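S.K.: Sequence first, then the predicted structure, then my questions.
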Amino acid sequence: MNARQEPSALSNPGTGLPTDNEPLEFAAHSGTGREAELGAFLRARRENLDPARIGLSRAGRRRTPGLRREEVAAMADIGITWYTKLEQGRPIRVSPKVLNAVAAALQCSPTETEHLFTLAGLQRPAALAGTSVCETVSVTTQRMLDQLDPIPALVQNARFDIVAHNDAYCRLLGMNVPSLPPEDRNCIYLALTHPGWRKAVPDWEGMVCNMVAMYRAAMAEHVDDPLWEAQLARYMAVSEKFQQLWQRYQVRGIQNHVKRFTHPETGDFQLTQTNFWTAPRNGARLLVYVPADEQAEAALRKLPAVHV
């Protein structure tokens, strides 16, 4: 007599998600504490969702608060039996695509979705994670930047956009960042196109080479992101140098390093670019240009204001 064959989790044609017409795949053992916690979290999210908030009718008697399991399953485009087992903490082998669909149906925040993937023992793919990056900073962060003056500092997101900065940063590079169009406030774009940036950094080619390598490394997690693709196309369009460097396929991580700057009124001076991650999950980091010596400290105090 053949041993009983455990069913396998197949997929919904066209979606890759499991349906009720297909068997489920269970491990031989009972659910772990992590799986039970995952189920409890899913149930709590489901019961806390207001049906009216997502356009579902309140008509008819509801035995439980929030959404019904079948409603969540329908919105996630998976089978009700499959979802029920998942919520019960059964050891189902769930794929990132399925878990992301469930998170979307339950209207989980990015942090809650990340929590789901952690409980499931999965790493959330960048293609599913969306394009969430730091776009603004708090009043407290901006106040800190301002108080660092005359030390140049900025907050940069994963796409190398300048999210916030202080006046000392403008003086260092000879440009008025607030006067620039929002789409141009990007460190790589400005390094490629702004004359002030090129004049302020004697080793301009070495700096751009490092930037391109860092962008390629960062983009590995966002290869299907249209915003990153559009940004790459823009760099290619404005700079032949970027095109040449991009074809080298060099990658480089974010590192603290000494950088040489120059200005007609101060001469050359060295600053240590120091990186602090303010929000690691979305790539936001604080960059502070610390004087490498007393000469650099004096130079920063002499840099003239930048006018529009």
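M.R.: Yep, it's here.
S.K.: Low-confidence ranges, the stretch 151-300 of the chain, go.
M.R.: Low-confidence segments of the stretch 151-300 of the chain (pLDDT under 70): 280-282.
S.K.: Which stretches in it count as strands?
M.R.: Secondary structure of the stretch 151-300 of the chain by DSSP state E, counting those that start in this stretch: the strands cover 153-156, 162-165, 257-263, 267-279, 284-291.
S.K.: can you list those in CSV and add distance to residue 77 and mean neighbour count?
M.R.: (Each C-beta comes from the backbone N, C-alpha and C, glycine too.) Listed next are the strands of the stretch 151-300 of the chain as CSV, based on distance: least, Cβ to Cβ, whole Å; neighbours: other Cβ atoms under 10 Å:
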stretch, distance to residue 77, mean neighbour count
strand 153-156, 38, 23
strand 162-165, 36, 22
strand 257-263, 48, 16
strand 267-279, 32, 15
strand 284-291, 33, 20
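S.K.: Residue 107 versus residue 63, what's the distance?
M.R.: 22 Å (Cβ to Cβ, to the nearest Å).
S.K.: So for the two, which residue has more residues nearby?
M.R.: residue 107 (15 against 5; other Cβ atoms under 10 Å).
S.K.: what's the distance between that one and residue 81?
M.R.: From residue 107 to residue 81 the distance is 23 Å (Cβ to Cβ).
S.K.: What's the local residue count around the closest residue to residue 198 other than its chain neighbours?
M.R.: The shortest distance from residue 198 to any non-neighbouring residue, by Cβ to Cβ, 6 or more residues apart in numbering, is to residue 204 (5.1 Å). When neighbours are defined as other Cβ under 10 Å, residue 204 has 15 of them.
S.K.: and residue 204, what does it touch?
M.R.: 191, 197-198 (Cβ atoms under 8 Å, 6 or more residues apart in numbering).
S.K.: Just the buried residues of these.
M.R.: The neighbour count (16 or more other Cβ atoms under 10 Å) marks 191, 197-198 as buried among the contacts of residue 204.
S.K.: Which residue, other than its chain neighbours, is closest to residue 192?
M.R.: residue 239 is the one closest to residue 192 (Cβ to Cβ, 6+ apart), at 4.2 Å.
S.K.: The closest residue to residue 214 other than its chain neighbours and residue 221, how far apart?
M.R.: Closest residue in space to residue 214, ignoring its immediate chain neighbours: residue 252 at 5.1 Å, by Cβ to Cβ, 6+ apart. Per Cβ to Cβ, residue 252 is found 15 Å from residue 221.
S.K.: Equivalent analysis for residue 139, please.
M.R.: For residue 139, the distance to residue 221 (Cβ to Cβ) stands at 30 Å.
S.K.: more crowded one of the two?
M.R.: residue 221 (15 against 7).
S.K.: Just to check, residue 252 is in contact with residue 218?
M.R.: No - using Cβ atoms under 8 Å, residue 252 is not in contact with residue 218; the gap is 9.8 Å.
S.K.: Quick check: pLDDT value at residue 133.
M.R.: Turning to residue 133, the model gives it a pLDDT of 65.
S.K.: rewinding a little: more neighbours: residue 252 and residue 218, which one.
M.R.: Per other Cβ under 10 Å, whichever of residue 252 and residue 218 has more neighbours is residue 218, with 18 against 15.
S.K.: so what's the more buried one closest to, chain neighbours aside?
M.R.: In space, and not counting its chain neighbours, residue 218 is closest to residue 158: 5.9 Å by Cβ to Cβ, 6+ apart.
S.K.: Tell me the spacing between that neighbour and residue 186.
M.R.: Separation of residue 158 from residue 186 (Cβ to Cβ): 12 Å.
S.K.: related to what we said a few turns ago, do you know which of the strands of the stretch 151-300 of the chain lies nearest residue 74?
M.R.: For those, the distance to residue 74 is smallest for strand 267-279, at 34.6 Å, taking Cβ to Cβ.
S.K.: tell me the angle that closest one makes with strand 257-263.
M.R.: Using axes from the mean of the first three to the mean of the last three Cα atoms, to 10 degrees, the inter-axis angle of strand 267-279 relative to strand 257-263 is 130 degrees.
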